[in-house]
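>>> Mind folding the following:
(2 chains)
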Amino acid sequence: MATQHSRSAARIMMAPAVILLLGWMLVPLAMTLLFSFKQYLPLRGGDLGWVGFENYVRFVSSSAFWPSVQATLVIVGGVLAITICFGVLLAMLLDQPFWGQGIVRILVIAPFFVMPTVSALVWKNMFMDPVNGLFAHLWKFFGADPVVWLSEAPLFSIVLIVSWQWLPFATLILLTAIQSLDSEQLEASEMDGAPPLKRFWFIILPHLSRAITVVLLIQTIFLLSIFAEIFVTTQGSFGTRTLTYLIFQRVLESQNVGLGSAGGVYAIILANIVAIFLMRIVGKNLDA
Amino acid sequence: MARAASPRRKAITTLAAWSVGLLIFFPILWTMLTSFKTEATAIADPPVFLFFDWTLENYSVVQERSDYMRFLWNSIIIAGGSTILGIIVAVPAAWAMAFVPGRRTKDILLWMLSTKMLPAVGVLYPMYLIFIQMGLLDTRIGLTIVLMLVNLPIIVWMLYTYFKEIPGEILEAARMDGATLKEEILYVLTPMAIPGIASTLLLNVILAWNEAFWTLNLTAAKAAPLTAFIASYSSPEGLFYAKLSAASTMAIAPILILGWFSQKQLVRGLTFGAVK
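Numbers count the residues shown, from 1 in each chain, chains lettered A, B, ... in the order given. Sure thing, here's the model as predicted:
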């Protein structure tokens, strides 16, 4: 089928997509790299010349850097732990036969389709508000003092909001994976008298390991760059300034493009480390 | 698992599953309910759930005060436009990779996917600069192009996995029967590819609709879609829960409905075929 003729036709058909993506990748990336080696302050003198690696050094030695790394790790780690643990449990529950499966599935999946700005605002105002939020009412009902969530437990609050958004994704993928489990194997182990916990540990979990890895990697890539949830809740205050948010502030708020670009390069390197692992798995699947 | 469960066990599972489902859905339900309350009922203490005077007032106020329709229209143009553009670019590419795979097809696919991993914030300023230079800042066309590029890897990838499932033998049979290339594409391939293209369209409209980095950073007033419209509610202005809820409900309702149709595609589209 692959004649010389069809090969060149194929090349022409692929060209627009390849050229567009190449441009999308290379042009801004090259500019970021360029700026990162410059003293560049658009509002205070513009391009002030080359400074070598100074921006890279300054970005990591600024007092905001390590707290932002910590905030990023807490948010990404917290959300991953919550979504994967509950995702596995939820997927196993939804895999059982029960009445109204279709409807419950829809209820569970719904948060994923809510735009980030909406979910952040709804949680911030209608649940976490210390006066009128539902949590405040709940706390008062039990005689406790309402919590000012976003300033007293800011990281926890963000983790909660983002977990709510991503739990459906984890659940859906893990459910898909569970459904492909060979039920005969499970039945056999049941007949052999394996207790539920052992069945979970030795049969279900190993079967899910690949799906869990995929969820882990894909979510990490998306979670490293969450933005809107912080933008509309704390604006990076109370220790919720993640690496992404810090770079955003350096570039657009303090208009220090050189410094922000150096941060951007760090973020790109970080994302690529995660991406390499994801690509390996996806690539292996392509061969199969 | 096709095991026959005892009625008792099924009843317990039903109870558990519905409880969890409703708990997860609750924030959305609560938002929808609040949108039909007056501002006073919205912050009533203790909170009222169902028994209040339902009103549609908030919806008309939101439309009047903030011109909801304009933001909705921007969202439709940007999400729809970027997806359609993306599909136009991606169909030939995915087609070529699925039916005329070369030695480097796999590398190209993976490379395309890798562009999706680029953190947006890393190229924020360059994009900002390019947008200013080209007069694209706060325009629908600028945002449409950016979102097309952001989603292009997913579109190519999804279409590729769908096209891959079309058996090549059918093409050969059509060719044996004397079909020309044009007939082959028009009468054999296209009908078989339409479901895949439709699913791809659906998922990517949803992704573009909810995109909230570029839409917040590259628009101001004119081209702002619903994501930015909602973000403008983040500055508290007195009593506004009911209006916030009405605005939120209007922003998510269309996509919730689309989303429910695309559950299956979600797995395929977002795991790049790594989980089936």
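>>> C-terminal to the longest helix seen in chain A, which secondary structure element comes first?
Longest helix in chain A by number of residues (criterion: DSSP state H): helix A:4-36. Per DSSP states H and E, the first helix or strand lying C-terminal to helix A:4-36 is strand A:38-41.
>>> what separates that next one from the chain centre, distance-wise?
Shown here is strand A:38-41, whose average C-alpha point lies 31 Å from the average C-alpha point of the whole chain (C-alpha atoms, centre = their mean, to the nearest Å).
>>> Following the chain onward from that strand, which element is next?
Scanning forward in sequence from strand A:38-41 by DSSP H and E, the next helix or strand is strand A:46-50.
>>> who touches that following strand?
A:37-41 (C-beta atoms under 8 Å, 6 or more residues apart in numbering or on different chains). Every residue, glycine included, has its C-beta placed from N, CA and C.
>>> any idea which residue sits dead centre in the chain?
You didn't say which chain, so I picked chain A. Most central in chain A under C-alpha atoms, centre = their mean is A:Leu223, positioned 1.9 Å from the mean C-alpha point.
>>> I was thinking of chain B, sorry if that wasn't clear
Residue closest to chain B centre, computed by C-alpha atoms, centre = their mean, is B:Ile206 at 1.0 Å.
>>> For the helix or strand containing that one, give the mean pLDDT please.
For B:Ile206, the enclosing helix or strand under DSSP H and E is helix B:190-210. Within the predicted structure, the mean pLDDT of helix B:190-210 is 86.
>>> how distant is stretch B:190-202 from the center of its chain?
A distance of 16 Å separates the centroid of the chain from that of stretch B:190-202, by C-alpha atoms, centre = their mean.
>>> what sits up against it?
With contacts defined as C-beta under 8 Å, 6+ apart, stretch B:190-202 is touched by B:83-84, B:87, B:90-91, B:155, B:158-159, B:162-163, B:165-166, B:170, B:258, B:261-262, B:264-265, B:268-269.
>>> what do you get if the cut-off is 7 Å, keeping everything else the same?
Taking C-beta atoms under 7 Å, 6 or more residues apart in numbering or on different chains as the criterion, the residues outside stretch B:190-202 that touch it are B:83, B:87, B:155, B:158-159, B:162-163, B:166, B:258, B:261-262, B:265.
>>> Taking those, tell me the two that lie furthest apart.
Using C-beta to C-beta, these span at most 25.1 Å, a distance reached by B:Ile166 and B:Leu258.
>>> can you give me the strands for the stretch 51-200 of chain B?
Secondary structure of the stretch 51-200 of chain B by DSSP state E, counting those that start in this stretch: no strands are present.
>>> what residues does it put near chain A?
B:89-90, B:92-93, B:95-97, B:100, B:102, B:106, B:108-110, B:112-115, B:117-127, B:149, B:152-153, B:156, B:168 (C-beta under 7 Å from any C-beta of the partner chain).
>>> So among those, which ones count as buried?
Taking 16 or more other C-beta atoms under 10 Å in any protein chain shown as the criterion, what is buried in those is B:89-90, B:92-93, B:95-97, B:100, B:108-110, B:112-115, B:117-127, B:149, B:152-153, B:156.
>>> so how far does stretch A:176-187 reach from one end to the other?
In stretch A:176-187, first residue to last residue: 19 Å (C-alpha to C-alpha, to the nearest Å).
>>> Flag every buried residue along the helix or strand of chain A with the lowest mean pLDDT.
With mean pLDDT, DSSP states H and E as the measure, the helix or strand of chain A carrying the lowest mean pLDDT is helix A:183-191 (a mean of 77). By neighbour count, and taking 16+ other C-beta under 10 Å as the criterion, the buried residues in helix A:183-191 are A:Leu186.
>>> Stretch A:240-254 now?
Within stretch A:240-254, the residues that count as buried by 16+ other C-beta under 10 Å are A:240-252.
>>> what subset of the residues you listed is also close to chain B?
Restricting the buried residues of stretch A:240-254 to those adjacent to chain B (criterion: C-beta under 7 Å from any C-beta) gives A:244, A:247-248, A:251-252.
>>> does chain A sit close to the lowest-mean-pLDDT helix or strand in chain B?
Of all regular secondary-structure elements in chain B, judged by mean pLDDT, DSSP H and E, the least confident is helix B:263-271 with a mean of 73. Yes - between helix B:263-271 and chain A, judged by C-beta under 7 Å from any C-beta, the touching residues are B:263, B:266-267, B:270-271.
>>> contacts for that helix?
A:109, A:169, A:172-173, A:176, A:214, A:218, B:154, B:158, B:161, B:199, B:202-203, B:275.
>>> Try it again at 6 Å.
By C-beta atoms under 6 Å, 6 or more residues apart in numbering or on different chains, the list of residues contacting helix B:263-271 from outside reads A:109, A:172-173, A:176, A:214, B:154, B:158, B:199, B:203.
>>> from the middle of its chain, how far away would it be?
The mean C-alpha position of helix B:263-271 is separated from the chain mean by 11 Å, C-alpha atoms, centre = their mean.
>>> If we go by neighbour counts, what in it is buried?
In terms of neighbour count (16+ other C-beta under 10 Å), helix B:263-271 has its buried residues at B:263, B:265-271.
>>> Which parts of the chain are helices?
Picking chain A for this. When assigned using DSSP H, the helices of chain A occupy the ranges A:4-36, A:54-61, A:65-95, A:101-109, A:116-122, A:134-141, A:149-152, A:154-179, A:183-191, A:196-199, A:205-224, A:228-232, A:243-248, A:257-287.
>>> meant chain B actually
Listed in chain order, the helices of chain B (DSSP H) span B:7-34, B:39-42, B:57-66, B:68-99, B:105-116, B:124-133, B:140-164, B:168-176, B:181-183, B:190-210, B:214-217, B:226-231, B:241-261, B:263-271.
>>> Name all residues that make contact with A:Gly239.
With contacts taken as C-beta under 6 Å, 6+ apart, A:Gly239 has the following neighbours: A:Ala71.
>>> what does the stretch 1-150 of chain A put close to chain B?
Proximity of the stretch 1-150 of chain A to chain B, by C-beta under 6 Å from any C-beta of the partner chain, involves residues A:2, A:6, A:10, A:13-14, A:16-17, A:21, A:24-25, A:28, A:31-32, A:93, A:96-99, A:104, A:106-110, A:113-118, A:121-122, A:132, A:137.
>>> Could you list the low-pLDDT ranges of chain B?
With pLDDT under 70 as the threshold, chain B has low-confidence stretches at B:1-5, B:235-239, B:273-274, B:276.
>>> per-domain residue ranges of it.
In the assignment given by automatic domain parsing, the structural domains of chain B cover B:7-59, B:60-271.
>>> tell me the most buried of those domains?
When the domains of chain B are scored by mean count of other C-beta atoms under 10 Å in any protein chain shown, the highest mean neighbour count falls to domain B:60-271 (a mean of 19).
>>> Alright, I will stop here.
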